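Q: sequence and predicted model, in that order:
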Amino acid sequence: MRITTRGRYALRAILAMVSLGSDGSPVSISSLSEREEISPVFLEQIFFRLRKAGIVSSVRGPGGGFCLARPLSDLTIKNILDAAGENLACTFCKKSAPDCPRKSYCLSHPILVEVSNLVNNYLGTVTLESVLENQNILDEVQTTVQV
């Protein structure tokens, strides 16, 4: 299992956006790019995916940027990684395919599937709100999102 740069950057950018836009104001790609030292072009690609997944919404014009589209308590780490296009699986084998030559005797596949399920289930329970609470910065961030 590997989380790609895109997934890591998506998570970093969302957390930075929450911090920078703690008053509910939109946060620009350039602000996020500067703070997190991530290419603005790459961030635009990431935020396109996040917007398409309903995690962020965009505000056009001067003073525009991105805001969370849902409350912190409704957004999980898994939501963000899924939206970024991560495939959080320990195995990418074809065991489920009818022509897999190892299908009848592969003992590792069920274990790796279970590990993948455990990781995915865990990340599905970790909300942005809980991440911020654990870092003792939730009080500094507005916990409601204006939708």
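A: Cool, the structure landed.
Q: and the closest residue to I55 other than its chain neighbours, how many neighbours?
A: Taking CB to CB, 6 or more residues apart in numbering as the measure, I55 lies nearest to A83, with 5.4 Å between them; neighbours along the chain are not counted. To be clear about C-beta, it is placed using only N, CA and C from the backbone, and glycine gets the same treatment. Taking other CB atoms under 10 Å as the criterion, the count of residues near A83 is 22.
Q: element containing the residue nearest to the spatial centre of the chain?
A: By CA atoms, centre = their mean, the mean C-alpha position of the chain lies nearest to I80, the distance being 1.9 Å. Under the criterion DSSP states H and E, the helix or strand holding I80 is helix 77-83.
Q: as a whole number, average confidence for the helix or strand that that helix is followed by?
A: In the C-terminal direction, the helix or strand that comes right after helix 77-83 (DSSP H and E) is helix 108-123. Here the mean pLDDT over helix 108-123 is 87, rounded to a whole number.
Q: and helix 108-123, what does it pack against?
A: Secondary-structure packing of helix 108-123 (3 or more CB pairs under 8 Å, 6 or more residues apart in numbering; DSSP states H and E): helix 77-83.
Q: buried set for the helix it packs on?
A: Buried positions in helix 77-83, judged by neighbour count with 16 or more other CB atoms under 10 Å: 77-83.
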